[in-house]
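Trainee: how would this look folded up:
(one chain, ligands or ions: 2)
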Amino acid sequence: MRKSIATVSVSGTLTEKLAAIAAAGFDGVEIFENDLLACPLPPEEIRLRAADLGLTIDLYQPLRDFEAMPVPDLRRAERKFQVMERLGADMLLVCSNVSPDAVDDDELAAAQLRLLAERAAAHGIRVAYEALAWGRHVNEYLHAWRIVRLAGHPNLGVCLDSFHILSRGSDPIGIEAIPGEKIFFLQLADAPPLAMDVLQWSRHYRCFPGQGGFDVAGLTGHALNAGYTGPLSLEVFNDHFRQADAGRTSRDGMRSLIALEQALDGSAHPAAPTGFAFAELAASGAVVEVLAALGFARTGRHPTKPVELWEQGGARLLLNATGGDPALLAIGLDTPDPAKAAGHAQALLAPVLPRERERQEAALDAVAAPDGTQIFFCDATWLGDFSPAGPVAGEITRIDHVALTQPWHHFDEAALFYRGVLGLRAQESLEVADPYGLLRSKAMSAPGGAVRMVLNLAQVGTGDIARQHVALACRDVLAVARRLRARRPDLLLPIPGNYYDDLSARYDADPALRELRELGVLYDRDEHGEFLHLYTVTLGRVFFEIVQRTGGYQGYGAVNAPIRLAVQRAGGH
Ligand SMILES: O=C(O)c1ccc(O)c(O)c1
Ligand SMILES: [Mg+2]
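Mentor: Ligands and ions are numbered 1, 2, ... in the order given. Next comes the predicted model:
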């Protein structure tokens, strides 16, 4: 299907926006009124510029509060038709009236829209009428459709906007009752679930399909079933997108439409990961000390690269001595068909990483995540490169999750990347207090929890944008804590006594509490089970968490995150 995007969705001047949108592969644009008014180029030049870039101008929206007025402003409309002819745009958007002067009279609205459509027809222009969720009298898409039907003019149809429909909780199934040729335009936007005024929600928090909580693909399916053949057009008002790099935002929008088309095809994710193969760290001597204290042992070396394999149970860490502070460089994922997974990632515009390969080494397909973390798709052969010495027994069994902190302007992009490329589903999104700001946190996981990731967003003010961690699952976190305590107490993150006073206020009778306090182990429970966890101090950008889940606990100990953040920040841990 043709893909379009409203210029309001990306940052920059109109000419910058057009260039970025074209480079991302879109077919067309909706030009937002202010972008045109502020542009030094005359409409004819903008038309040429767009055409040179291979973009059609699919929609223009210069009229506000037009219909159901005591006197409709046809003079202004006539002027705007002239602008549209110069622009080469043949679809005019009219959103439902928000003015207190609007009259609650469908017949009047229909008569005035009919008049507008008649005048538009003389210029070869069609009019698409859209119900804004906060329209004064018309705020439901089926209401807008009734008015359009009442007007009965071939040049008048409806514009459907997924945000306005889904934000009000309207059932999009009704779209299928609208004849396809009367759906003139389809605007797509998602949004995170927020309990707030719908106008503010729309103007500041919209995001690309797949980044929020609405079933935008399902709504699109209804429009296609109705016979809609126009473009899928992204219309996203978002405070972050307005500041972010236009090229990057445009590519991200394109990725969201490709993922939406895949969802419409109904095909399952072709190459979902089944577990963590490894996490690779830029490592220093300090990392080696922590791993040794945790009971890991070096079991292999790469034949040609300065990379060591450290293992315990099914947890495998690669320590890369290429220099630099400790940081997470790469994540390896067990993938049934790595080539297919890489192909799928590439179709979603993930940059495929070049691989230098020596003879006899396993070929590894890898892509770069939005924050630069390398994602490797692995089958069993990669391990052979390291000629591992054999299993290392211990309490730690595998990698439970990896937590990455995203720059604020790439958070939604990262969520969409992990959802589309790896097929992870967002589990929960919450806010965690840091002594100097707020951290937004989104957990994502593969079905059954075989792969879990946590994306943290450093809000403005936290300053702490760099921290990442690898959480290791274990059978007995108290045993790990005791060992660490005996060998290297300095590596354990110290937890304040006040935390344990509160725990005992909440879970009075639990005799294990005393030991948690002594060992610095934190505790949470949900309706499924319990969660015990501890943290090491931070090395460079990275720290380790040791977690023990019992009885199907699904979370990540989020209630304890503010304690951890405060100790890390205050104590320089
Ligand atoms: O927020 C608005 O005013 C606005 C304008 C045009 C649209 O298509 C829309 O969905 C919202
Ligand atoms: Mg809209």
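
Trainee: residues from the stretch 151-300 of the chain in reach of ligand 2?
Mentor: Contact residues, the stretch 151-300 of the chain versus ligand 2 (Cβ under 5 Å from the ion): 161, 187, 235. All C-beta atoms are positioned from the backbone trio N, CA, C, and that covers glycine.

Trainee: and the second one, what element?
Mentor: Read it as residue 187. Taking DSSP states H and E as the definition, one finds residue 187 inside strand 183-188.

Trainee: for that strand, packing partners?
Mentor: Counting contacts by 3 or more Cβ pairs under 8 Å, 6 or more residues apart in numbering; DSSP states H and E, strand 183-188 packs against strand 91-95, strand 126-130, strand 156-161, helix 162-167, helix 216-226, strand 232-234.

Trainee: can the ones you listed go into a markdown table with extra columns for mean pLDDT and mean neighbour count?
Mentor: Formatted as a markdown table, those follow (pLDDT from 0 to 100; neighbours: other Cβ atoms under 10 Å):
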| stretch | mean pLDDT | mean neighbour count |
| --- | --- | --- |
| strand 91-95 | 98 | 24 |
| strand 126-130 | 98 | 25 |
| strand 156-161 | 98 | 27 |
| helix 162-167 | 98 | 24 |
| helix 216-226 | 98 | 20 |
| strand 232-234 | 98 | 28 |
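
Trainee: so what's the spatially closest residue to residue 530 that is not a sequence neighbour up against?
Mentor: The shortest distance from residue 530 to any non-neighbouring residue, by Cβ to Cβ, 6 or more residues apart in numbering, is to residue 550 (4.7 Å). For residue 550, the contact set (Cβ atoms under 8 Å, 6 or more residues apart in numbering) comprises 529-532.

Trainee: Please tell me how far residue 550 sits from ligand 2.
Mentor: Plainly put, residue 550 is 48 Å away from ligand 2 if you go by Cβ to the ion, to the nearest Å.

Trainee: Once you drop chain neighbours, what's closest to the closest residue to ligand 2 within the chain?
Mentor: In the chain, the residue that lies nearest ligand 2 is residue 161 (3.5 Å; Cβ to the ion). In this structure, residue 161 finds its nearest non-sequential neighbour in residue 187, 4.1 Å apart by Cβ to Cβ, 6+ apart.

Trainee: List the buried residues for the lowest-mean-pLDDT helix or strand in the chain?
Mentor: The weakest-scoring helix or strand in the chain, judged by mean pLDDT, DSSP states H and E, is strand 425-434 (a mean of 81). Of the residues in strand 425-434, 426-427, 429, 432, 434 count as buried by neighbour count, 16 or more other Cβ atoms under 10 Å.

Trainee: Would you mind putting these into TSV with distance to residue 193 alongside?
Mentor: Output for the buried residues of strand 425-434, formatted as TSV (distance: Cβ to Cβ, whole Å):
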residue	distance to residue 193
426	11
427	13
429	8
432	18
434	23
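
Trainee: Just give me the closest of those to residue 571.
Mentor: Residue 571 lies nearest to residue 434 out of these, by Cβ to Cβ, at 13.8 Å.

Trainee: which ones are touching the nearest residue to residue 420 once chain neighbours are set aside?
Mentor: In space, and not counting its chain neighbours, residue 420 is closest to residue 259: 4.2 Å by Cβ to Cβ, 6+ apart. Residues in contact with residue 259 (Cβ under 8 Å, 6+ apart) are 209-210, 348, 416, 419-420.
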